[in-house]
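[1] Next comes the sequence, and after it the predicted model I'd like to discuss.
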Amino acid sequence: MLTYLLLALLAVTIAAYFAGFTKARSFATAPGCSPQHSLSGYHGAFVAAWAGIPSFLLVLLWLLFQGPVIDSLLVSSLPPDRVEGLDIGQLNLLVSEIKSVAKGNVFSEPDAVVLAGAERYNSWSTIAIWAMVASVLSLSVAALFIARSKLAPRFRARNQVEWITSVLMIVCSLIAILTTIGIVASLLYETLRFFSMVSPFQFFFGLNWEPQIAMREDQVTSGGAFGAIPVYVGTMLIAFIAMLVATPIGLFSAVYLTEYASSGMRAVVKPLLEILAGIPTVVYGFFAVLTVAPAMREFGEFLGFAIAPNSALAAGAVMGIMLIPFISSLSDDALAAVPQSLRDGSYGLGATKGETISKVLLPAALPGIMGGILLAVSRAIGETMIVVMAAGIIAALTLNPFEPVTTVTVQIVTLLIGDTEFDNPKTLAAFALGLVLFLVTLCLNVIALSIVRKYREQYD
């Protein structure tokens, strides 16, 4: 029903545009009419905006409050003897059972109270949906006629449309800012809860990561170990291997495309490199597990030393391949932005092409290159799927690239898998790891932007 409502709202909005457009066109053909202040398209956009935007906001608000209101009515309609003595969790479980029965998901014979509640829930949901449809469409049509009645030859439709556009952009900016603040606040709040249960010193400087919780009171592993140093070391190790692969290949690819490749070769190679950025990370993970890791293990056996099936080297190498487009594309843009006059001046002084690249082009393009590298590092630190498939989930404190390690993102996924409640250190540890990861990537992005801003040179 919601899909049909949105389609109907879209149809009314389009009709509103043409209603305003045709009325504005009639002004131009009317005898003795004064010149229009705005083009006919602005008149149509004004009517369409008032017919569509308020109605769409009403849909969002209705959907936001419909569920809690119906749940509240449902709880208040239950017999007092059935809800008496129930805590919040048990009451929510009862409401969930009623909703499940209302949807037809019956796994056992429900009692009479649940069946009656399911009938009421379906009835109220149907009433709410049809009331939303009637309210939204009525508001949209009423706004259409009211906005159309305001049109006149000297009506400042363009100013109104520009004001509406400005308000929409401000609202979108506020949503982005508030979303960021909400993410940081939730991470910070849950992290403080975690540190109320686990010492920050143990978390930041401990050498053993075994985030276990007790399933029963006499369980041996009830204490758990939350030393995150092995997780950080594994993250840095895989990111370092990835950058060892991505940085030279990406940089040399950019130099080749900018200085050596013909226009036809550049038109073919550059899109092929950028395709790597569009490949899903799970595909890279399959590639690492099925191709790269077995090949490395066989190569290690040939040389006489052991390489684990899920090694940091395999994960880092494949991640490096994924990061090549980040570095090559940004480096290519930075090198291409260096003016031709610097190249000509270097050649005029007798420098070779290699000397021109190393002594002139790379220093001039260094801010863009360093920005691309630091952004790629941020991407490497935040990668999850490749590491989960190719490096494993064991937090081992080692710098040996042939051994399995884990990363921060993998541990976050592992800690939050399944039905979890945020009332124990094991699940709350994911938020502490997430906050640290957020701060690290934020610092890297700030450093990258500051380098680009500080050392950028403007060439005439």
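    Cool, the structure landed. As the structure is a computational prediction, the values presented were derived from the model and not from experiment.
[2] Show me where this structure has its strands.
    209-210, 225-226 (DSSP state E).
[3] Just name the shakiest helix or strand of this structure by mean pLDDT.
    Sorting the helices and strands of the chain by mean pLDDT, DSSP states H and E puts helix 80-83 at the bottom, at a mean of 74.
[4] Check which helices and strands that helix sits against.
    Packing partners of helix 80-83 (3 or more Cβ pairs under 8 Å, 6 or more residues apart in numbering; DSSP states H and E): helix 88-102. Every residue, glycine included, has its C-beta placed from N, CA and C.
[5] Please repeat the previous calculation with a cut-off of 6 Å.
    On a contact count with 3 or more Cβ pairs under 6 Å, 6 or more residues apart in numbering; DSSP states H and E, helix 80-83 meets no helix or strand.
[6] Return the distance of it from the chain's centre.
    Relative to the mean C-alpha coordinate of its chain, helix 80-83 is positioned 44 Å out (Cα atoms, centre = their mean, to the nearest Å).
[7] can you give me the helices in the stretch 351-460 of the chain?
    Ranges of helices in the stretch 351-460 of the chain, per DSSP state H, counting those that start in this stretch, are 353-356, 362-364, 366-381, 385-390, 408-415, 425-455.
[8] Need those helices in a markdown table (columns: mean neighbour count).
    Listed next are those as a markdown table, based on neighbours: other Cβ atoms under 10 Å:
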| stretch | mean neighbour count |
| --- | --- |
| helix 353-356 | 14 |
| helix 362-364 | 16 |
| helix 366-381 | 22 |
| helix 385-390 | 26 |
| helix 408-415 | 21 |
| helix 425-455 | 18 |
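[9] Among those helices, which comes closest to residue 39?
    Nearest to residue 39 among the helices of the stretch 351-460 of the chain is helix 425-455 (40.0 Å), distances taken as Cβ to Cβ.
[10] contact partners of the least confident helix or strand of the chain?
    Contacting residues not belonging to helix 80-83 are listed as residue 113 [Cβ atoms under 6 Å, 6 or more residues apart in numbering].
[11] ok, and which of the strands of the chain has the densest surroundings?
    Highest mean neighbour count of those: strand 225-226, a mean of 20 (counted as mean count of other Cβ atoms under 10 Å).
[12] tell me what that one is packed against?
    Short answer (3+ Cβ pairs under 6 Å, 6+ apart): strand 225-226 packs on no helix or strand.
[13] Partner strands of it and their direction?
    Sheet pairing for strand 225-226, assigned by DSSP bridges, gives strand 209-210 (antiparallel).
[14] mean confidence score for the strand it pairs with?
    On average, the pLDDT along strand 209-210 is 83.
[15] residues contacting residue 376?
    Residues near residue 376 by Cβ under 6 Å, 6+ apart: 246, 323, 326, 327.
[16] what about residue 171, how many neighbours?
    Neighbourhood size, residue 171 [other Cβ atoms under 10 Å]: 11.
[17] circling back: now the strands of the chain as a markdown table including distance to residue 201?
    What follows is the strands of the chain, written out as a markdown table (distance: least, Cβ to Cβ, whole Å):
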| stretch | distance to residue 201 |
| --- | --- |
| strand 209-210 | 15 |
| strand 225-226 | 11 |
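[18] gap between residue 131 and residue 70?
    Counting by Cβ to Cβ, to the nearest Å, the gap from residue 131 to residue 70 is 12 Å.
[19] Residue 22 too?
    Counting by Cβ to Cβ, the gap from residue 22 to residue 70 is 42 Å.
[20] To residue 183, which of the strands of the chain lies closest?
    Closest of the strands of the chain to residue 183 is strand 225-226, at 22.5 Å (criterion: Cβ to Cβ).
[21] Isn't residue 285 up against residue 385?
    Yes - using Cβ atoms under 6 Å, residue 285 is in contact with residue 385, at 4.9 Å.
[22] so where's the stretch 301-450 of the chain uncertain?
    Applying pLDDT under 70 to the stretch 301-450 of the chain flags residues 418-422.
[23] 80 - rerun?
    The stretch 301-450 of the chain contains residues with pLDDT under 80 at 304, 384-385, 388, 390-396, 417-424, 444-445, 447-450.
[24] likewise the stretch 1-150 of the chain?
    Scanning the stretch 1-150 of the chain with the threshold set as pLDDT under 80 gives 1, 27-38, 78-95, 97-114, 117.
[25] just the helices in it please.
    Secondary structure of the stretch 1-150 of the chain (DSSP H, counting those that start in this stretch): helices at 2-29, 40-77, 80-83, 88-102, 112-149.
[26] TSV please, covering the contacts of residue 376 and showing neighbour count and distance to residue 51.
    TSV is the format used below for the contacts of residue 376 (neighbours: other Cβ atoms under 10 Å; distance: Cβ to Cβ, whole Å):
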residue	neighbour count	distance to residue 51
246	28	50
323	28	47
326	22	43
327	26	48
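[27] which of those are the two that sit furthest away from each other?
    246 and 326 (7.4 Å).
[28] Output the helices of the stretch 351-460 of the chain in CSV, with distance to residue 37 appended to each entry.
    Listed next are these as CSV, based on distance: least, Cβ to Cβ, whole Å:
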stretch, distance to residue 37
helix 353-356, 58
helix 362-364, 50
helix 366-381, 46
helix 385-390, 56
helix 408-415, 56
helix 425-455, 42
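[29] so which of these comes closest to residue 41?
    With Cβ to Cβ as the measure, helix 425-455 is the member of these nearest residue 41 (38.6 Å).
[30] how far off helix 366-381 does that closest one point, in degrees?
    In terms of direction (axes from the mean of the first three to the mean of the last three Cα atoms, to 10 degrees), helix 425-455 departs from helix 366-381 by 170 degrees.
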